[in-house]
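S.K.: okay, here's the prediction I keep looking at, along with the sequence it came from:
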Amino acid sequence: MKKRKASGYAKWGYIFILPFFIAYFIFSLIPLVDTVRYSFYEYYQSGIKVIGPNYVGLVNYKELLHSDMFRYAGNTMILWIIGFIPQIVIAMILASWFSDARLKIHGKQFFKVVVYLPNLIMASAFALLFFTMFSTSGPINSILMNLGITSSKIDFLGSTAGTRLLVGFMNFLMWFGNTSIMLMAAIMGISQEVFEAADIDGCNRLQRFFMVTLPNIRPILAYTLITSIIGGLQMFDVPQILTGGKGSPDRTSMTLIMFLNNHLKSKNYGMAGALSVYLFIIAGILCAIVYKMTDDSDPDGSRAAEKARKRAERKAGHKR
């Protein structure tokens, strides 16, 4: 009787999750397979004439290797680093500060809401705001000139460093609150007894942070880094709006997704599909590296010690 009830409940579970799998199959899996399929075809529009789809094998992949793809990949990485490094540093500081029970900070909930608020603003609105503020006729230039800091208007968006710093700063503002909340939850999940033991052993704040906090939140750090890498590879809306889709100046802020969007606008679906596959491979490799670096499958070091012992035994055997 109990087995029948259990199987009945399991059936309803499958029924309830069925709509998700149907939607995933229709809107995600089929387009994904179609994208990979088109990457092996010549399929584009020339004027009003549609060429293809004609099977060409790996021609699209080879053409991309001889294009500016690597340059745009470098741009994407630079823009991601500019935004991610201050994001993770500030988020770690805020998370450690808010989750420290010894500080007894008042109004924590208010500060958490304030920190998270920028994450609720649309990227397009952020980009338009910064475009208006930092344009040559914008309020930032007016303030600097009225204060006597500069004698002439600064073309922030006309320089490579200025554009990249603005894009990185916007990405930092939009995502550091979300990262702070996640890291805060991870730190609060650590038992207070561990921190008390560290205090009894005489650990200072830095030792407590690096020896206790960081090792215990390693899974969340790995998740944060992986999602940030994927988000960085998908960076599009901020530089697209800020530079009008041109990646100016001189395409130094052109990202891989902006490059992909250009192929889609020109209706070159074969090249767009090949570039999508390249992006998928790059994301997979980077995520695998991060996962390997943050893997904690040997927390007590027993496996490493066993491997070291076996190596020592083999060396001793060779000497004999």
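M.R.: That came through fine.

S.K.: OK, contacts around the closest residue to residue 250 other than its chain neighbours?
M.R.: Sequence neighbours aside, residue 160 is the residue nearest to residue 250 in space, at 7.4 Å (criterion: C-beta to C-beta, 6 or more residues apart in numbering). Any C-beta I mention is one placed from the backbone N, CA and C, and that applies to glycine too. Residue 160 sits next to 249, 250, 252, 253 when contact means C-beta atoms under 8 Å, 6 or more residues apart in numbering.

S.K.: now the buried members of the residues you listed.
M.R.: 252, 253 (16 or more other C-beta atoms under 10 Å).

S.K.: report the secondary structure element holding the residue nearest the centre of the chain.
M.R.: The centroid of the chain falls nearest to residue 228 when counting by C-alpha atoms, centre = their mean (1.7 Å). Assigned by DSSP states H and E, residue 228 falls within helix 218-233.

S.K.: helix or strand next in line after that helix, which one?
M.R.: According to DSSP H and E, the helix or strand after helix 218-233 is helix 237-242.

S.K.: local confidence estimate at residue 320?
M.R.: pLDDT for residue 320: 57.

S.K.: oh, I was asking about residue 117
M.R.: So residue 117 comes in at 85 (pLDDT).

S.K.: how many neighbours does the nearest residue to it once chain neighbours are set aside have?
M.R.: Distances taken as C-beta to C-beta, 6+ apart put residue 177 closest to residue 117, at 6.9 Å, once the chain neighbours are dropped. Residues near residue 177, counting by other C-beta atoms under 10 Å, number 22.

S.K.: ok, the residue nearest to the centre of the chain touching residue 84?
M.R.: Yes: between residue 228 and residue 84 a contact is recorded at 5.4 Å, counting by C-beta atoms under 8 Å.

S.K.: residues contacting the residue nearest to the centre of the chain?
M.R.: Contacts here follow C-beta under 8 Å, 6+ apart; on that basis residue 228 touches 80, 84, 87, 88, 175, 179.

S.K.: ok, back up a step: need the contacts of residue 160 in JSON lines (columns: distance to residue 213 and pLDDT).
M.R.: Shown next, in JSON lines, are these (distance: C-beta to C-beta, whole Å; pLDDT from 0 to 100):
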{"residue": "249", "distance to residue 213": "42", "pLDDT": "88"}
{"residue": "250", "distance to residue 213": "43", "pLDDT": "89"}
{"residue": "252", "distance to residue 213": "38", "pLDDT": "92"}
{"residue": "253", "distance to residue 213": "36", "pLDDT": "92"}
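
S.K.: returning to that earlier point: tell me which of the contacts of residue 228 is nearest to residue 27?
M.R.: If you rank the contacts of residue 228 by distance to residue 27 using C-beta to C-beta, residue 175 comes first, at 25.6 Å.

S.K.: check contacts around the closest one.
M.R.: 83, 87, 119, 228, 231.

S.K.: return the distance of it relative to residue 273.
M.R.: 29 Å (C-beta to C-beta, to the nearest Å).

S.K.: phi first, then psi, for residue 42.
M.R.: Dihedral pair for residue 42: phi -90, psi 110, per degrees, to the nearest 10.

S.K.: and residue 22, what element?
M.R.: Judged by DSSP H and E, residue 22 forms part of helix 2-24.
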